[in-house]
Structures are given as C-alpha cells and as structure tokens.
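S.K.: got a sequence here, can you build the structure:
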Amino acid sequence: MNPLFLILPLALHAAPEPDAPVSAYLEAACAEEVRAKGPQDPDAEPTTADMRNAEDARVACSKKAMEKELDAFLVPLKKKDPAAFKAWMALQADYNRWTSASCDIDERLSGEGGSMAGFTEMACAQRARSHRAWFAKQLASGDLKPFWTVVDAMQSKGKAGVQEVAKQLAEDPDLKKALEAKLKETNATTEKLAAGHCKALAGAPSDCAAKLAAYFHAVGV
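M.R.: From the prediction side, this is the model:
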C-alpha cells in the first residue's frame with residue numbers, strides 16, 4: 001500500500017471507483033473528523049502516526065455512520081413489521097461477523113508488517129461499514145435503484161478479486177494452508193448474506209444471489 005494513499009482527502013481515497021456514491025457519502029459524513037485527526041500543519045511531512053490517526057478516524061466515523069443509518073431504518077421497522085425487523089437484525093449480525101473475518105483475511109493477504117501493519121484491515125473495515133451505512137440509507141428512503149446500480153457496477157471488481165485471491169493462495173502454499181479454512185467459512189457466509197438479502201429485498205433481480213455475492217466480494221474479500 002502506498003502510504004500517501006492514506007493521507008489523501010476522502011474524495012480521492014476511494015475514487016474514481018464503481019462505488020463512487022458510497023465514497024461521496026463517506027466524504028460528506030467524515031471529512032471533517034478525518035481532517036481533525038490528520039496533520040495540523042499541511043506543509044509538514046505526514047508521519048506514520050498521522051496516517052494511522054486519519055485511518056482510525058475513518059473507521060470510527062464509518063462505524064458511527066453505519067449505526068446511525070441502520071437505526072433510521074430499523075427503529076421504525078420494529079413497530080411496522082416485527083418479522084422484517086428480526087430478519088434484518090439477523091442479517092446485520094451476520095454482516096458484522098463477515099466484516100471482521102473478511103477484513104482479517106484481507107490484512108493477512110496483504111503481507112504488510114512493521115509500521116504499516118493493520119492499514120489494510122482498517123481500510124477494509126471502513127469500506128465495509130461505509131457501504132453498509134449507504135445501503136441502510138437507501139433502504140430507509142424506499143428507493144433501491146441507486147444500490148442496484150452500484151451492485152451492477154461492482155460485479156467485475158468482485159469477480160476479479162475472487163480470482164486474485166485464488167491465484168495468490170495457489171502461489172503460496174503456506175499462506176493457503178493458514179487461510180484456507182477461514183476463507184472457506186467466510187465465503188460460505190458471503191453466500192449466506194447474499195441469499196438472505198435477496199429474500200429480504202422486494203423486487204430483487206432474478207440473479208440476485210450471484211450479483212450480491214460478487215458485490216460482497218468487492219466490498220470485502
């Protein structure tokens with residue numbers, strides 16, 4: 001990972017990407033908090049601590065945004081449709097576990113160590129939570145067209161990511177041995193998440209499960 005990547009403004013941090021609306025959402029929600037945690041002297045050379053503070057701020061802010069948007073969707077749903085509320089709560093619990101496992105794998109696949117250890121995992125957590133926050137916002141609005149547009153745009157990234165991980169593990173037998181069981185379990189959770197969301201989302205496309213699995217792979221691992 002290029003350290004400079006981590007200190008750029010959020011608009012550049014994840015753009016231009018197929019999930020640009022999510023990046024724009026995160027920029028609007030978190031730019032001020034990230035700047036407050038970054039270097040106070042714009043002309044100073046950023047230190048690793050500066051970069052870590054900025055990434056920590058992104059992770060914390062994306063988590064806060066996710067919880068806020070989920071509450072906005074779930075709290076009214078609890079009274080309106082208790083069964084749907086229960087289903088979404090279960091899906092969110094699965095998503096939280098999937099995020100933790102997926103980002104741990106992402107970090108271990110990165111091979112980063114020393115002062116840069118943990119940056120890939122933090123970036124993954126920020127990405128997963130910001131996607132979830134933005135998705136919950138679409139759910140609360142009742143208009144999922146923007147979400148499905150992003151899902152479609154991320155298909156090639158998700159499929160390519162699966163191929164890249166398989167290639168990396170094939171070239172490193174020790175890493176494959178260390179990660180194979182956890183990756184298999186995480187991939188199974190990805191499929192479970194996709195199927196569960198397809199069941200919960202009204203008007204989902206006929207190829208929903210495959211599309212959402214690729215989307216989740218693009219977001220996580």
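
S.K.: centroid-wise, who is the farthest residue in this structure?
M.R.: In terms of distance from the mean C-alpha position of the chain, D43 ranks first, at 31.4 Å (Cα atoms, centre = their mean).

S.K.: and the pLDDT at that residue?
M.R.: Listed pLDDT for D43 reads 72.

S.K.: mind checking the SS state of it?
M.R.: Secondary structure for D43, judged by DSSP: H, G, I helix; E, B strand; the rest coil, is coil.

S.K.: same question for the one 3 residues further on.
M.R.: State at P46, reduced to three classes by three-state DSSP: coil.

S.K.: and it, backbone torsions?
M.R.: Reported as degrees, to the nearest 10, the phi and psi values for P46 are phi -70, psi 140.

S.K.: swap in L201?
M.R.: According to degrees, to the nearest 10, L201 has phi -90, psi 120.

S.K.: residues in contact with the spatially closest residue to it that is not a sequence neighbour?
M.R.: Excluding the flanking residues, the one nearest L201 by Cβ to Cβ, 6 or more residues apart in numbering is L144, at 6.8 Å. All C-beta atoms are positioned from the backbone trio N, CA, C, and that covers glycine. By Cβ atoms under 8 Å, 6 or more residues apart in numbering, the residues touching L144 are 138, 201, 203.

S.K.: with adjacent residues omitted, what lies nearest to E69?
M.R.: In space, and not counting its chain neighbours, E69 is closest to A136: 3.8 Å by Cβ to Cβ, 6+ apart.

S.K.: hang on, isn't that neighbour packed against V75?
M.R.: No - between A136 and V75 there is no contact under Cβ atoms under 8 Å: 11.4 Å.

S.K.: more crowded one of the two?
M.R.: Using other Cβ atoms under 10 Å, the more surrounded residue of A136 and V75 is A136, with 22 against 12.

S.K.: buried residues of the strand or helix carrying that one, list them for me.
M.R.: Taking DSSP states H and E as the criterion, A136 maps to helix 119-141. Within helix 119-141, the residues that count as buried by 16 or more other Cβ atoms under 10 Å are 119-140.

S.K.: starting at the chain centroid, how far to that helix?
M.R.: Centroid separation for helix 119-141 versus its chain: 5 Å, with Cα atoms, centre = their mean, to the nearest Å.
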